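# Sequence and predicted structure, then a few things I'm wondering about:
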Amino acid sequence: MFGRRRREQTPAPAGAAGPGRAEETGRAEDAEARGSGHGAREAGPWDAGEDYPRRERVDLGGLRLPVDPGFEVQLNLAGEQIVGAVVVFDESALQVHAFAAPKRSGIWDEVRAELAEGVKSAGGTAEERQGPFGVELAARVPAEGTAQPVRYIGVDGPRWFLRAVISGRAALDAGTAATLEDVVRDIVVVRGDEPMAPKEPIELQLPPEARQAVERRTEAPDLNPFERGPEIAEVR
């Protein structure tokens with residue numbers, strides 16, 4: 001179920017919020033600090049301090065990512081640091097990254113403008129439109145000689161910002177998109193209490209069972225350097 005990738009499939013311009021665990025305190029303040037426009041709190045993304053619905057999620061430290069049968073989860077790396085996750089489903093990909101943000105103001109408007117400028121500079125197109133999470137960016141990004149459809153979604157939370165990028169079939173097919181949108185709605189962001197600069201990535205980590213697998217692999221003797229070793233995987 002888990003893999004690692006070192007490159008994103010879609011552009012994230014510098015400064016565009018592109019590439020700790022907190023106790024559940026201050027819930028009322030966190031809920032009040034959530035950005036407006038989301039209506040009643042019937043769906044997320046959720047803050048770790050909120051009373052969010054319990055369900056199966058992969059614990060990545062800074063993100064708790066919902067999982068369902070048929071999902072493949074990959075991790076985005078910046079050097080050795082895990083900064084994002086990708087859910088692969090039905091010829092589609094959902095990339096999610098969480099960043100620190102000011103306590104009393106959101107950054108999606110600023111980030112969206114930076115993303116649009118970056119896409120256009122790369123020879124693509126981008127326009128704003130209304131989506132299930134508010135204003136999003138519908139783009140076509142040059143990739144391998146074609147224009148790849150991409151949706152950029154942003155959600156401002158209390159002292160954090162979540163960026164979601166939908167590509168592949170789900171960027172155009174509403175049915176497939178609905179499955180990945182439900183993933184976004186059920187994500188839990190664990191911002192932590194430590195000071196962080198705006199747009200600084202919230203660091204992620206391997207879930208406990210995956211870390212144990214890596215440790216066992218590291219400690220095991222390398223009997224055959226040409227034999228493929230165990231991988232971090234989980235079949236659902």
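That came in fine, so what should we check first? Numbers count the residues shown, from 1 in each chain.

# So for stretch 189-207, what gets flagged as buried?
189-192, 196, 199, 201-207 (16 or more other C-beta atoms under 10 Å). In this view, the C-beta of every residue, glycine as well, is placed from N, C-alpha and C.

# and if you look at stretch 159-167?
159, 160, 161, 162, 163, 164, 165, 166, 167.

# How about stretch 147-163?
Result for stretch 147-163 [16+ other C-beta under 10 Å]: buried residues 148-163.

# can you give me the helices in the protein?
27-33, 108-121, 174-185, 208-219 (DSSP state H).

# mind saving the C-alpha coords of stretch 191-205 as PDB?
Presented in PDB, the C-alpha positions along stretch 191-205 are these (Å, rounded to 0.1, in the frame of the first residue of the first chain):
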ATOM      1  CA  ARG A 191      -0.500  20.900  13.200                       C
ATOM      2  CA  GLY A 192       1.200  20.600  16.500                       C
ATOM      3  CA  ASP A 193       2.000  23.500  18.900                       C
ATOM      4  CA  GLU A 194       5.500  24.300  17.800                       C
ATOM      5  CA  PRO A 195       6.200  27.700  16.100                       C
ATOM      6  CA  MET A 196       6.300  27.400  12.300                       C
ATOM      7  CA  ALA A 197       6.700  30.000   9.600                       C
ATOM      8  CA  PRO A 198       3.700  30.400   7.200                       C
ATOM      9  CA  LYS A 199       3.900  27.900   4.300                       C
ATOM     10  CA  GLU A 200       6.400  25.700   6.100                       C
ATOM     11  CA  PRO A 201       5.600  22.100   5.300                       C
ATOM     12  CA  ILE A 202       4.100  20.100   8.200                       C
ATOM     13  CA  GLU A 203       6.400  17.100   8.400                       C
ATOM     14  CA  LEU A 204       5.000  13.700   8.000                       C
ATOM     15  CA  GLN A 205       6.400  10.300   9.000                       C
END
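
# which residue is nearest the centroid of this protein?
residue 96 (1.2 Å; C-alpha atoms, centre = their mean).

# For that one, give me its contacts.
Residue 96 makes contacts with 63, 65, 84, 85, 86, 87, 162, 163, 164, 165, 184, 187, as judged by C-beta atoms under 8 Å, 6 or more residues apart in numbering.

# quick one: residue 122 and residue 139 touch, right?
No: with contact defined as C-beta atoms under 8 Å, residue 122 does not count as touching residue 139 (9.7 Å).

# Show the average pLDDT along stretch 130-148.
For stretch 130-148, mean pLDDT is 94.

# Give me the buried positions along that stretch.
For stretch 130-148, by 16+ other C-beta under 10 Å, it's 131, 133, 136, 137, 138, 139, 140, 141, 148.

# now stretch 172-183
176, 177, 179, 180, 181, 183.

# which residue sits closest to the fifth one, ignoring its sequence neighbours?
What it means is residue 181. Leaving aside its sequence neighbours, residue 181 sits nearest to residue 132 (C-beta to C-beta, 6 or more residues apart in numbering; 5.6 Å).
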